[in-house]
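Enquirer: starting from these lines, generate the structure:
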Amino acid sequence: MHQALTGALRLYLVTDQASLRGRTLTDVLLSAVQGGVSCVQLREKALATRDFVALALTVRNLLAPLGVPLVINDRLDVALACGAQGVHLGQSDMPVALARQLLPPEVFIGLSVENLGDVARAAGQPVDYLGISPVYATPTKTDTAPPWGLAGVRQVRALTALPLVAIGGIHHGNAAELLQAGADGLAVVSAICSAPDPGQAAQSFTEIFKSQRLP
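Expert: Just a heads-up that it's a prediction; the model follows:
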């Protein structure tokens, strides 16, 4: 799965309703996907379950015809209810092994790693990709561990063959150096969600991938 999954994780948009500048999530997502976003993670910590499921179904129905996988942050119940292609778990969420038992085999699992101990423990778990979090300090998520930085990305790359998605403070100015350090994908929040033109912002990232000779 890893090789096929790596391409899907290339430009990984994480939603943040507070960053949309008054626009609807579906409008921003459609524009971003047209610009090159290859994966969308729905992250809704504050929504009630019924509302989260309704939004997830709407987003999945938008993305499915476009061939873009939907990943649900944390909530296996929501992922199962909407038929999401992936689930992303943090270190304080449901254990990966248990999540793997509960999810259909085709649903992929991502795991955030905040330090080298997390990376080492992930080696024995049924994880499909690792989210290096946070690479840089970010205003959209304040309850995070110390930033990894470029040196941290290189360290993780040396320790695992799993696809790596960098998240936290990523923008057009640091994207190329993260790819050079070993990240397979870039998880972006405000650099697309808050951009005046989300589609153009996504297109600018895809140009960076092309400059690094990545498909």
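
Enquirer: whichever strand in the chain runs longest: how far from the chain's middle?
Expert: Using DSSP state E, we find that the single longest strand of the chain is strand 108-113. Centre-to-centre, strand 108-113 and its host chain are 9 Å apart (C-alpha atoms, centre = their mean, to the nearest Å).

Enquirer: in the sheet, which strands lie alongside that strand, parallel or antiparallel?
Expert: strand 86-89 (parallel), strand 129-132 (parallel) (DSSP bridges).

Enquirer: adding distance to L76, mean pLDDT and mean neighbour count, write these out as TSV.
Expert: All C-beta spots, glycine's among them, are computed from the backbone N, C-alpha and C. TSV is the format used below for those (distance: least, C-beta to C-beta, whole Å; pLDDT from 0 to 100; neighbours: other C-beta atoms under 10 Å):
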stretch	distance to L76	mean pLDDT	mean neighbour count
strand 86-89	6	98	25
strand 129-132	17	98	26
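
Enquirer: pLDDT of the longest strand of the chain, averaged?
Expert: Strand 108-113 comes out with an average pLDDT of 98.

Enquirer: quick thing: my sequence starts at 238, can you match it?
Expert: Sure thing, new numbering starts at 238, so read that last one as strand 345-350.

Enquirer: pLDDT of the following helix or strand past that strand, averaged?
Expert: Using DSSP states H and E, the helix or strand that follows strand 345-350 towards the C-terminus is helix 353-359. Averaged across helix 353-359, pLDDT comes to 97.

Enquirer: mind listing what's buried along stretch 251-258?
Expert: If you call a residue buried by 16 or more other C-beta atoms under 10 Å, then stretch 251-258 has these buried ones: V251, T252, D253, S256, L257.

Enquirer: for the fourth one, which non-adjacent residue is spatially closest?
Expert: Nearest in space to S256, with sequence neighbours left out and distances taken as C-beta to C-beta, 6 or more residues apart in numbering, is C430 at 3.9 Å.

Enquirer: can you flag which of the buried residues of stretch 251-258 belong to strands?
Expert: V251.

Enquirer: just the strands from the chain, written as ranges.
Expert: So, for the chain - with DSSP E - the strands run 248-251, 276-279, 307-310, 323-326, 345-350, 366-369, 401-404, 422-425.

Enquirer: adding distance to A359, write the strands paired with strand 345-350 out as a markdown table.
Expert: As requested, the strands paired with strand 345-350 are exported to a markdown table (distance: least, C-beta to C-beta, whole Å):
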| stretch | distance to A359 |
| --- | --- |
| strand 323-326 | 11 |
| strand 366-369 | 6 |
